[in-house]
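Undergrad: From the sequence below, what's the structure:
(one chain, ligands or ions: 2)
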Amino acid sequence: MSELATLNIMYLPGVGPKKAEVLKQELRMVSYEDLLYHFPYRYVDRSRIYSISEVSADMQHIQLKGQVLSLRTVGEGRSKRMTAAFTDGTGQVELVWFKGLKFVRGSLAAGVTYLVFGKPSVFNGGINIVHPELERFEENKARLQAGLQPQYNTTERMKSSFLSSKALQKLVFSLFQTYKGMIPETLPAYLLQQHRLMYLNEALRTIHFPASTQDLEKARFRLKLEELFYIQLNILRLKNQRSKTIRGHVFTQVGAYLNTFYKNHLTFELTEAQKRVIREMRQDMGSGRQMNRLLQGDVGSGKTLVALMVMLIALDNKFQACLMAPTEILAQQHYATIAAQVAPLGINVALLTGSTRKKQREEIDAALRSGSIQILIGTHALIEDTVVFGHLGLVVIDEQHRFGVEQRARLWRKNQQPPHVLVMTATPIPRTLAMTVYGDLEVSVIDELPPGRKPIQTQHQYHNRRNELNRFLHQEIARGRQVYVVYPLIDESEKMDFKNLSEGYEYMQKAFPDCKVVMVHGRMKPAEKDAAMQVFASGEAQIMVATTVIEVGVNVPNASVMIIESAERFGLSQLHQLRGRVGRGAEQSYCILMTSYKLAEESRKRMEIMVRTNDGFEIAEADMKMRGPGDLEGTQQSGLPFELKIAHLGRDQQILQLGRDIALKVLEQDPLLEQEQNQLLVRQLKKLARAKINWAMIS
Ligand code: ADP
Ligand code: MG
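TA: Ligands and ions are numbered 1, 2, ... in the order given. This is a model prediction of the structure:
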């Protein structure tokens, strides 16, 4: 193992215990290696000097050269600041400091030529630069030839502990000088050669100190490819191992349960897409291999029904099946729907969640072992080790993005011969992300909605149009429809958000005196929450004011209007999920995105995308491009097997594909990675897995 990973950053010259503590807390930086892999987030061209006459406020960071004319301190208290008039002969800008005034004043001298670096903005009609970097020109002349300067992420706390971007650069530099010979290569020589990649040593040096943009691109390519390659290698190797070592239960019977259900109890025809994915799964389950399949389909495309039918196949082959949902509410809802659907068939269905009472739980445990429970529905409680099935043949996981790869693996370990696994998700996942997070699964897609559904009409409205909106709602309610009003409650404990929600509730009660309004939020006890949901689902209440607790899976086909308050505070995927709560019946449905008039550019874009398209995949792609996959809901938890430091799943799709191709080829020639030349790969995979675990423990 690299010694760099074990050397504490504290011992790096220039760091010491105090700064080490700050680095640990602010950046989770602990070792020399962590510093080496703290990559610049961008580079600025410091060889270029602008003249003040060409500066405008829409420019990014710029460099100026000139002199300080005068210093002033203005304002009191929090707005106290110091300003300097700065000129280069072509014009004048104002430099501004709010902090460290004494220090700045002490270090500035009249008549000295300075290099000023910062982001220009407009204030009081003139250009100013807040908290610029300032250096004496004479002492830094040499550096001007260096060209690209790395910029490192820092925080306020780091800056006040003398750990600015520039300070970090110095630390990396000194580390590099001393230890560059000790950075071991992380890719086998034959791969480096085949793909003409930079050596790691060189790539790391280049990414911190690029000599040219071409070199920088080469270094970034090597590091991104490595990252994505290892993710693919990890996933594909798992898949290989599984298919080599695990035999699947063979389901050959299409028996009474499925046939009876299909002929007598299904009130509508399956869509072609539903038929196709069921066929795909039957093939898997009859093949002798273990099924590991991802079922993707937009909200309302009929996945749950497919899952039920596949479970019936398991039952017909004398196996038990279970369905795992991400939340208690959803588990209960699945239980209610499925129990009702299979009651005529005499199938024994049970519900197990965190709030199942002890006595009942014991009964369930016994009935599971004996096999008398045929379908078990529940939450995470299902994967606890105490839950033992007599003869589990199929596991369905709904809304997979909240379960991790590890949790899936636990299910496999439950039985000597692991069950078939079907993972369902309504969050459309861009192809690259699917390849990465679910690269070990086969994929089925339901790309068709049941017939008769009218596409949801989406509108973007400003808060001040409330009266018009209310008239529309009155109309819809008079037609017998129901309405959701959703408030953002990012953190259930936040007072401010909660106030908005309860005010919204009171407002709706006043504005709709003839209607019954219910409120649902995450702070309620499960029983209260269910009661309120029930009142709405039964049609007794016309309006539900809620937080995002209703985001996943709630099914009230008669609800046809979804109002999303402060829609700018939601991400695209979440908006799409919320919208999917309506449009489940035959009626025309509406989604209304309420925002304030003043909107950030990004927020406006999100609203535009929502209004323009109902296509979940398009939205997911856009979401990933705009936000980066790290922020995509759920990916954090379900997660990538390793943290991505440099690659971007949205922007580096080609490199990802290449990484996958290389991994496939490596495994084709050496499926279990036994060859000598691949031992480095094995070691590296182990190291990455360990790093991920450590990371989880710290945070
Ligand atoms: P999903 O789980 O994909 O969001 P569901 O399985 O909950 O979708 O289905 C949504 C609604 O559509 C349910 O009320 C279901 O009964 C109904 N449904 C499912 N398949 C069909 C179909 N082929 N034709 C008509 N309605 C269907
Ligand atoms: Mg569903």
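Undergrad: Helix or strand: which one has the closest residue to ligand 2 within the stretch 251-400 of the chain?
TA: At 4.5 Å from ligand 2, residue 304 is the closest residue in the stretch 251-400 of the chain, using C-beta to the ion. Every residue, glycine included, has its C-beta placed from N, CA and C. Element membership for residue 304, per DSSP states H and E: helix 303-316.
Undergrad: do that helix and ligand 1 meet?
TA: Yes - in terms of C-beta under 6 Å from any ligand atom, part of helix 303-316 sits within range of ligand 1, namely 303-305.
Undergrad: Check whether the closest residue to residue 614 other than its chain neighbours sits in a helix, strand or coil.
TA: Spatial nearest neighbour of residue 614, excluding adjacent residues (C-beta to C-beta, 6 or more residues apart in numbering): residue 455 at 5.3 Å. Three-state assignment for residue 455 (DSSP: H, G, I helix; E, B strand; the rest coil): coil.
Undergrad: How about residue 381?
TA: helix.
Undergrad: so where is this structure shaky, pLDDT-wise?
TA: Filtered on pLDDT under 70, the chain yields the residue ranges 1-2, 143, 145-146, 400-416, 427-428, 490-497, 549-554, 627-643, 691-699.
Undergrad: Select the longest strand from it.
TA: Counting residues, the longest strand in the chain under DSSP state E turns out to be strand 62-74.
Undergrad: which parts of that strand are buried?
TA: By neighbour count on 16 or more other C-beta atoms under 10 Å, the buried set for strand 62-74 is 62-68, 71.
Undergrad: Between those, which sits nearest residue 533?
TA: Checking the buried residues of strand 62-74 against residue 533 with C-beta to C-beta, the nearest one is residue 62 at 55.9 Å.
Undergrad: what's the distance between the residue lying closest to the closest one once chain neighbours are set aside and residue 127?
TA: Excluding its sequence neighbours, the residue lying closest to residue 62 (C-beta to C-beta, 6+ apart) is residue 50, at 4.8 Å. As judged by C-beta to C-beta, to the nearest Å, residue 50 and residue 127 stand 11 Å apart.
Undergrad: And for residue 217?
TA: Separation of residue 217 from residue 127 (C-beta to C-beta) stands at 33 Å.
Undergrad: Can you pick out the residue with more neighbours from these two?
TA: residue 127 (18 against 12; other C-beta atoms under 10 Å).
Undergrad: I'd like to check the angle between the helix or strand in which the more buried one is found and strand 62-74, please.
TA: In this assignment (DSSP H and E), residue 127 forms part of strand 126-130. Per axes from the mean of the first three to the mean of the last three C-alpha atoms, to 10 degrees, the angle that strand 126-130 makes with strand 62-74 is 90 degrees.
Undergrad: which other residues reach the helix or strand just after strand 126-130?
TA: Next in sequence after strand 126-130, counting helices and strands by DSSP H and E, comes strand 133-136. With contact meaning C-beta atoms under 8 Å, 6 or more residues apart in numbering, strand 133-136 is reached by 95, 104, 107-108, 112-118, 166.
Undergrad: buried ones in the very next helix or strand once past strand 133-136?
TA: For strand 133-136, the following helix or strand on the C-terminal side (DSSP H and E) is helix 137-140. If you call a residue buried by 16+ other C-beta under 10 Å, then helix 137-140 has these buried ones: residue 137.
Undergrad: dump the residue contacts of residue 214.
TA: Residue 214 touches nothing, counting by C-beta under 8 Å, 6+ apart.
Undergrad: May I see the buried residues of the helix or strand it falls within?
TA: Using DSSP H and E, the element containing residue 214 is helix 213-245. Neighbour-count burial for helix 213-245, counted by 16+ other C-beta under 10 Å, picks out 215-216, 218-240, 242.
Undergrad: and it, how far from the chain's centre?
TA: With C-alpha atoms, centre = their mean, to the nearest Å as the basis, helix 213-245 stands 20 Å off its chain's centre.
Undergrad: Three-state assignment for residue 647, please.
TA: coil.
Undergrad: what number of residues lie near the residue nearest to residue 62?
TA: 16.
Undergrad: wait, it sits on residue 66?
TA: No - contact criterion C-beta atoms under 8 Å: residue 50 and residue 66 do not qualify, at 10.6 Å.
Undergrad: picking up where we left off before, what is the subsequent helix or strand relative to the longest strand of the chain?
TA: strand 81-87.
Undergrad: Report the contact partners of residue 485.
TA: Residue 485 makes contacts with 504, 508, 543-546, 563, 565, as judged by C-beta under 8 Å, 6+ apart.
Undergrad: Closest one to residue 677 out of these, please.
TA: Among the contacts of residue 485, and counting by C-beta to C-beta, the member closest to residue 677 is residue 546, at 57.3 Å.
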